[in-house]
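*Asks:* make a model of this:
(4 chains)
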Protein chains: 2
Amino acid sequence: MDSELALKTWFRMLSNTALIEHELRTLFVSEFKVTLPQFDLMAALHYAGGSEKMSALSKWMKVSNGNITGVVDRLERDGLVERQPLPEDRRVKIISLTEAGAEVFERMARRHKEWISGLLAEISEENLEQLHLQLVQVSKTIKRNIQ
Amino acid sequence: MDSELALKTWFRMLSNTALIEHELRTLFVSEFKVTLPQFDLMAALHYAGGSEKMSALSKWMKVSNGNITGVVDRLERDGLVERQPLPEDRRVKIISLTEAGAEVFERMARRHKEWISGLLAEISEENLEQLHLQLVQVSKTIKRNIQ
DNA sequence: CACTAATATTTCATACATGAAATATCAAGC
DNA sequence: GCTTGATATTTCATGTATGAAATATTAGTG
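*Replies:* This is a model prediction of the structure:
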C-alpha cells in the first residue's frame, strides 16, 4: 500500500474541507450573524422535529456536553432557541427552536444548500455520484479501523 | 445539477474528515502530548527547512496572526520551538525547531504517516488514485467558485 | 529630516472545543 | 426510607480560532 498516496489524499481531503468550511462560516456570519456550530445545532433540532434534550444533541453532534451548554447559551441569548424543563425528570432540559429560530433556520438551510451546490457546480452529476460512493466506502473503512 | 447529491457528498466529506481528525488528535496527544495545530506548525517549520517568520507561518497555515502567536507561545513553553530576533529587521521574529523539537517531529511525522495509511489501509491502490484525482478536481472547482 | 504608509507581531474580546470535576436528580435494592 | 450508583447538565482550566485594535519598526516621500 502506497502510504505517500494515502497521505496526499488525506491532505487534499482536509484542505478541501477547510476551504469549504471557511467559506460557509464567512457566508453564515455575514448573511445571518450565526456561526457554523450554531447552525449545526439548529439543524440538529430541526431534524429531531423541533426539540431535543441537551445530552441527545451532544451525542448527535459528536461534541462534548460542555460544548453544547455554551452554544445553547449563546443561541438562547440571541432568542433562537429556548430551554424548557421536563416535569417528569428535573435533570433534563429540553431545547427547542423558538418561532424566530425556526423562521431563520428555514432561510439558512435554503441558502446553505445553494452555497454548497454553487461551490460544486461544475462537477458533473456522474463524477459527483462516483465521488459520493467512494466517500461512503472511505467512511466504512475508517470506522472499521478506528473501533 | 442535483443539489441534494452535492449536499450529501459534502456531508460525507465533512464527517470523514472529522472522524480522521478526531482520531489523529487522540493519537498525537496520547503518544506525544502534542496537539494537532502544534504538529501542523512544526510540520510547516520542517518543510520550510527548519525556520520561518511568524507572518509566513500564518499565511502558509491559513490562520490568523493572533492564532500563530498562541500556538508558538505554547510550543516555546514546551521547548519544541524558539523565537529569535532578525537583526536587520527588528519587527520580525524567526521561529525555529529546537534540537528536541526536530527530534520529536521526526518521530511524529513517521507515526502520522503510519496512522493515515493504517486508517485507509483496505482501499485499493486504484480506488485511492481515483479518489485523489477527483479531490484535486474538486479543489480546483471550489477555488474557482470562491475567489 | 519629519511625516506618512506599510509591515510584523502581540493583545484583546468573543466563540468553539475538550475532558474532568461539581451539582442535581433519579432509580434500585436492601 | 437510605445508601449507592447512574444519568443530566453546568462549570472549570486549557487550547484553538477569528478579526480588530494596539505597538513597534521600517520604508518611502516631500
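*Asks:* report pLDDT for the spatially most central residue of chain A.
*Replies:* Geometric centre of chain A, nearest residue: A:D40, 3.6 Å, by C-alpha atoms, centre = their mean. On pLDDT, A:D40 comes in at 97.
*Asks:* from chain B, how far off is it?
*Replies:* Separation of A:D40 from chain B (C-beta to the nearest C-beta, to the nearest Å) stands at 10 Å. To be clear about C-beta, it is placed using only N, CA and C from the backbone, and glycine gets the same treatment.
*Asks:* my read is that residue is in a helix, agree?
*Replies:* Yes. Judged by DSSP: H, G, I helix; E, B strand; the rest coil, A:D40 forms part of a helix.
*Asks:* ramachandran coordinates for the spatially closest residue to it that is not a sequence neighbour?
*Replies:* Distances taken as C-beta to C-beta, 6 or more residues apart in numbering or on different chains put A:M61 closest to A:D40, at 6.2 Å, once the chain neighbours are dropped. Its backbone dihedrals place A:M61 at phi -80, psi 0, with angles given as degrees, to the nearest 10.
*Asks:* got it, and A:L120?
*Replies:* Backbone torsions for A:L120, taken as degrees, to the nearest 10, come to phi -100, psi 10.
*Asks:* check A:D78 too.
*Replies:* Reported as degrees, to the nearest 10, the phi and psi values for A:D78 are phi -90, psi 0.
*Asks:* can the longest helix belonging to chain A be said to contact chain B?
*Replies:* Ranked by residue count and defined by DSSP state H, the top helix of chain A is helix A:3-32. Yes. Part of helix A:3-32 sits close enough to chain B to count as contact by C-beta under 8 Å from any C-beta of the partner chain, namely A:3, A:5-10, A:12-23.
*Asks:* still on that earlier bit, residue contacts, the residue nearest to A:D40?
*Replies:* Listed by C-beta atoms under 8 Å, 6 or more residues apart in numbering or on different chains, the contact partners of A:M61 are A:40-41, A:44, A:68.
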